[in-house]
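Asker: Have a look; sequence and predicted model below, questions after that.
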Amino acid sequence: MNVPDISIYYFGAIALVLIGLYAALVKKNLLKILIGLSIMETGVNLLLISIGYVSGKSAPILSEGVGPTQAVDPIPQALVLTAIVIGVATTAMALSAVVLIYEKYRTLNVEEIRRLRG
């Protein structure tokens with residue numbers, strides 16, 4: 001069975017999304033949940049970049065000998081770059097929220113935090 005090269009990226013992206021989903025749903029530690037969400041985001045970004053890939057075409061950078069018909073569509077790359085920046089910002093905000101939660105409750109276990117809320 002001959003599998004095309006691009007499908008490896010699809011499988012990798014789906015695997016990353018599933019690993020992140022597992023961590024977000026099963027783990028009880030807030031940091032592990034946050035890491036799972038970050039892994040899931042990376043999988044989605046890889047999937048979007050894989051969809052925008054066209055075999056035999058070059059990156060959409062102005063250079064000699066590369067015309068508009070020989071370059072890939074730059075929209076998926078721009079969307080993923082924006083998603084990465086937004087993801088880093090939201091991860092930083094979530095980490096600061098986790099630090100505040102730890103300072104207040106002295107635990108990162110979700111079940112303990114729910115119990116301590118009273």
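Answerer: Alright, I've got the coordinates.

Asker: Packing partners of the biggest helix by length in the chain?
Answerer: Longest helix in the chain by number of residues (criterion: DSSP state H): helix 75-105. Applying 3 or more CB pairs under 8 Å, 6 or more residues apart in numbering; DSSP states H and E, we find helix 75-105 packed against helix 30-52, helix 110-117. No exception for glycine: its C-beta is placed from N, CA and C like everyone else's.

Asker: Out of these, which one sits most buried?
Answerer: helix 30-52 (a mean of 18; mean count of other CB atoms under 10 Å).

Asker: returning to that earlier point: pLDDT on the longest helix of the chain, on average?
Answerer: Taken as a whole, helix 75-105 has an average pLDDT of 95.

Asker: what sits up against whichever helix or strand Ser7 is part of?
Answerer: In the assignment (DSSP states H and E), Ser7 maps to helix 5-26. If you take CB atoms under 8 Å, 6 or more residues apart in numbering as the criterion, helix 5-26 is touched by 32-33, 35-44, 46-47, 49-50, 53, 55.

Asker: try 10 Å
Answerer: 3-4, 29, 32-51, 53-55 (CB atoms under 10 Å, 6 or more residues apart in numbering).

Asker: before we move on, what about stretch 111-118?
Answerer: With CB under 10 Å, 6+ apart as the test, stretch 111-118 has contacts from Lys28, Leu30, Ile101, Tyr102, Lys104, Tyr105, Arg106, Thr107, Asn109.

Asker: Neighbours of Ala97, how many?
Answerer: Neighbour count for Ala97, taken as other CB atoms under 10 Å: 12.

Asker: Can you report how many residues lie near the residue nearest to Met40 when sequence neighbours are not counted?
Answerer: With sequence-adjacent residues excluded and distances taken as CB to CB, 6 or more residues apart in numbering, Met40 is closest to Gly20, at 2.8 Å. By other CB under 10 Å, the residues close to Gly20 number 21.
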